[in-house]
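Q: dropping the sequence and predicted coords here.
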Amino acid sequence: MPPDAPRALPRGPHRLAREVVLASQRGRLLDAIAQVVAEKGYGPATVADVIERAGVSRKTFYEHFRDKEACFLAAYDTGVAVLLATMREAGDTRARVRAYLETLAAEPAFARTFLIEVAAAGARALRRRREVHDAFAAFVTEAAPGPVPDHVALAAVGATQELVTRWVEDGRTAELPALTDTVSFVYLALLGPRP
């Protein structure tokens with residue numbers, strides 16, 4: 001989640017606009033589900049865990065989300081949007097790779113959710129992950145020096161996913177930026193100029 005994710009609001013009467021309150025609640029719920037799922041796994045995580053972590057009521061949770069899955073998918077989508085925006089601002093391929101890895105390293109709960117727990121979240125989450133991989137493949141071809149077949153771009157995304165996931169599984173999330181040269185090499189090897 002973004003570092004400026006909304007935090008708890010003051011208790012009791014306040015003069016905050018309803019939109020501010022709703023945005024804060026939603027942001028805390030999205031952050032909470034990423035944290036809870038990273039700690040417990042998707043299956044064992046409960047709505048009760050999420051609302052306790054977010055500091056909101058059950059009623060508030062259901063005002064924002066239909067169920068745990070909907071909250072999880074919203075957190076996943078929010079994180080993906082942050083990743084893509086951060087990478088888009090970064091510039092060339094190496095800078096984009098570094099931005100991706102630094103963002104995941106800075107948000108270890110999201111990294112675990114994004115890379116690992118999404119596989120346990122059911123069919124809708126797996127479909128969404130596939131769509132995200134396709135979006136990342138389309139994104140990386142933007143920086144390619146020439147036309148790239150879709151399956152080659154997807155292979156680059158898959159290689160990155162596998163390598164980064166292993167580091168997260170091994171408890172090396174904070175070290176992810178050290179993979180910048182390796183991942184950049186993969187992208188340049190697969191997407192670089194053709195002889």
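A: It's in.
Q: now for residue 62: which residues touch it?
A: By Cβ atoms under 8 Å, 6 or more residues apart in numbering, the contact list for residue 62 is empty. From N, CA and C alone the C-beta is placed, and that goes for glycine too.
Q: which SSE is it in?
A: Applying DSSP states H and E as the criterion places residue 62 in helix 58-64.
Q: buried stuff in the helix or strand just after that helix?
A: For helix 58-64, the following helix or strand on the C-terminal side (DSSP H and E) is helix 68-90. Buried residues in helix 68-90, counted by 16 or more other Cβ atoms under 10 Å: 68, 71-76, 78-80, 82-84, 86-87, 90.
Q: what separates helix 68-90 from the chain centre, distance-wise?
A: For helix 68-90, the gap between its own C-alpha mean and the chain's C-alpha mean amounts to 5 Å (Cα atoms, centre = their mean, to the nearest Å).
Q: cool, stretch 51-68 as well?
A: Using Cα atoms, centre = their mean, the offset of stretch 51-68 from its chain centre is 20 Å.
Q: quick one: terminal-to-terminal distance for that stretch?
A: Criterion Cα to Cα, to the nearest Å; first-to-last residue distance in stretch 51-68 is 11 Å.
Q: and it, which residues are buried?
A: In stretch 51-68, counting by 16+ other Cβ under 10 Å, buried: 51, 53-54, 56, 60-61, 64-65, 68.
Q: residue 40: how many residues sit nearby?
A: Here the count is done by other Cβ atoms under 10 Å, and residue 40 has 13 residues near it.
Q: for it, what are its contacts?
A: Per Cβ under 8 Å, 6+ apart, neighbours of residue 40: residue 49.
Q: mind pulling up the pLDDT for it?
A: Note for residue 40: predicted pLDDT of 97.
Q: repeat that for residue 20.
A: pLDDT, read off for residue 20, is 70.
Q: check which helix or strand it maps to.
A: helix 18-40.
Q: now do the next helix or strand after that helix against helix 68-90, angle only.
A: Next in sequence after helix 18-40, counting helices and strands by DSSP H and E, comes helix 47-54. For helix 47-54 and helix 68-90, the angle between their directions (axes from the mean of the first three to the mean of the last three Cα atoms, to 10 degrees) works out to 50 degrees.
Q: skipping its backbone neighbours, what lies nearest residue 49 in space?
A: Setting aside the residues directly before and after it, residue 49 is nearest to residue 36 in space (Cβ to Cβ, 6 or more residues apart in numbering), at 4.5 Å.
Q: so what's that neighbour up against?
A: So residue 36 contacts 45, 49-50, 53 (Cβ under 8 Å, 6+ apart).
Q: just those now: which is nearest residue 147?
A: residue 45 (42.9 Å; Cβ to Cβ).
Q: the closest one contacts residue 69, correct?
A: No - judged on Cβ atoms under 8 Å, residue 45 makes no contact with residue 69 at a distance of 10.8 Å.
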